[in-house]
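Peer 1: Let's see this in three dimensions:
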Amino acid sequence: MIIDDEPLARRGVRARLRKMPDVKIVGECGDGTSGLEAILKLEPDLIFLDVQMPGMDGFGVLRALPADHLPSVIFLTAHEEHAVRAFEVSALDYLLKPLDDERFEAALNRARKQMDAASKAELAGRMLRLLDQQNEKYASRFTVRMGSRIQVVPAEDLEWISSAGDYTELHTRNAIHLLRETMNSLEQRLDPSRFARIHRSRIVNLAAILELRSIENREYIVKLRDGSQHRSSRTYADRIEGWLRPEKAEK
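Peer 2: The predicted structure is shown next:
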């Protein structure tokens, strides 16, 4: 079964699986809720599961399943952090988007070898341990690829984040890291009590704000502790003004 909210990603998995004579695709879903229903109804041996989807994400799907209904899983992800998490806890496997033919075949071969009852029970135990580690609601760290290395960037080290097309730039005091994730996606994974989007192309660490200078139309110049200055937009004025209210209340 294939569960992914991106039609292109589903098509890529489907095309590769159709070349495998021992594989039957029993279902394909574009969201977590319908994916959960299909798993319970069709009981697939293996699912290709997107980690991050609107509404119920991949971990939410697995969390909602009874332990004895947990199938083998190959995670699909465009984000290094999710891939590393799954790998570290010995989940079945993961595939990083865009898909690579050689890596895809290796993951499927590994799944074939783990289809016996004993292996499936062991994998279900690993999956439950993985889900236990996903209780953290917001991201505490990000992983970025630097050549052959993967660097961990703690969320608390971020000063501000800027948009770079389909990527984002994570600015810390000492470095800039390029992350393959959009601003909208990243905003959902950040704790809103610690980070605020002040412009369509800017997210700032609230703890890094040193000064706000009001200009016009509920817009501000936001000065951060690293010396950078950022102009907020009226669209996101409520975020900044909401953050200011507790300070006003104390005075």
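Peer 1: And stretch 215-235, how far out from the chain middle?
Peer 2: 28 Å (Cα atoms, centre = their mean, to the nearest Å).
Peer 1: Any buried residues in it, and which?
Peer 2: By neighbour count with 16 or more other Cβ atoms under 10 Å, stretch 215-235 contains the buried residues Glu219, Tyr220, Val222, Lys223, Leu224, His230, Ser232, Ser233. Bear in mind the C-beta positions are built from the backbone N, C-alpha and C, glycine included.
Peer 1: pLDDT on that stretch, on average?
Peer 2: Averaged across stretch 215-235, pLDDT comes to 93.
Peer 1: Restricting the selection to alpha carbons, write it to PDB.
Peer 2: Output in PDB follows, covering the C-alpha atoms of stretch 215-235 (Å, rounded to 0.1, in the frame of the first residue of the first chain):
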ATOM      1  CA  ILE A 215       7.100  52.000  11.400                       C
ATOM      2  CA  GLU A 216       3.700  52.100   9.700                       C
ATOM      3  CA  ASN A 217       0.600  50.000   9.100                       C
ATOM      4  CA  ARG A 218       1.400  47.800  12.100                       C
ATOM      5  CA  GLU A 219       4.800  46.900  10.600                       C
ATOM      6  CA  TYR A 220       8.000  46.800  12.600                       C
ATOM      7  CA  ILE A 221      11.700  46.700  12.200                       C
ATOM      8  CA  VAL A 222      12.800  43.700  14.300                       C
ATOM      9  CA  LYS A 223      16.400  43.800  15.600                       C
ATOM     10  CA  LEU A 224      18.000  40.500  16.700                       C
ATOM     11  CA  ARG A 225      20.900  39.800  19.000                       C
ATOM     12  CA  ASP A 226      23.100  38.800  16.100                       C
ATOM     13  CA  GLY A 227      22.800  42.400  14.800                       C
ATOM     14  CA  SER A 228      20.500  41.500  11.900                       C
ATOM     15  CA  GLN A 229      17.300  43.600  11.200                       C
ATOM     16  CA  HIS A 230      14.100  42.300   9.600                       C
ATOM     17  CA  ARG A 231      11.000  44.100   8.500                       C
ATOM     18  CA  SER A 232       7.800  42.500   9.600                       C
ATOM     19  CA  SER A 233       4.600  42.600   7.400                       C
ATOM     20  CA  ARG A 234       1.100  43.600   8.500                       C
ATOM     21  CA  THR A 235      -0.100  40.100   7.600                       C
END
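Peer 1: Quick check: Met127 vs Glu187, distance?
Peer 2: Per Cβ to Cβ, to the nearest Å, Met127 is found 28 Å from Glu187.
Peer 1: more neighbours, those two?
Peer 2: Higher neighbour count among Met127 and Glu187: Met127, with 24 against 16, using other Cβ atoms under 10 Å.
Peer 1: Which of the buried residues of stretch 215-235 fall in strands?
Peer 2: Tyr220, Val222, Lys223, Leu224, His230 (DSSP state E).
Peer 1: Show me the two of those residues that sit farthest apart.
Peer 2: Greatest spatial distance among those (Cβ to Cβ): Tyr220 and Leu224, at 12.2 Å.
Peer 1: With adjacent residues omitted, what lies nearest to Ser201?
Peer 2: Take Ser201 and drop its neighbours on the chain: the residue closest to it by Cβ to Cβ, 6 or more residues apart in numbering is Ser163, 3.9 Å away.
Peer 1: Wait, a helix at the one you found?
Peer 2: No. Secondary structure of Ser163 (DSSP: H, G, I helix; E, B strand; the rest coil): strand, not part of a helix.
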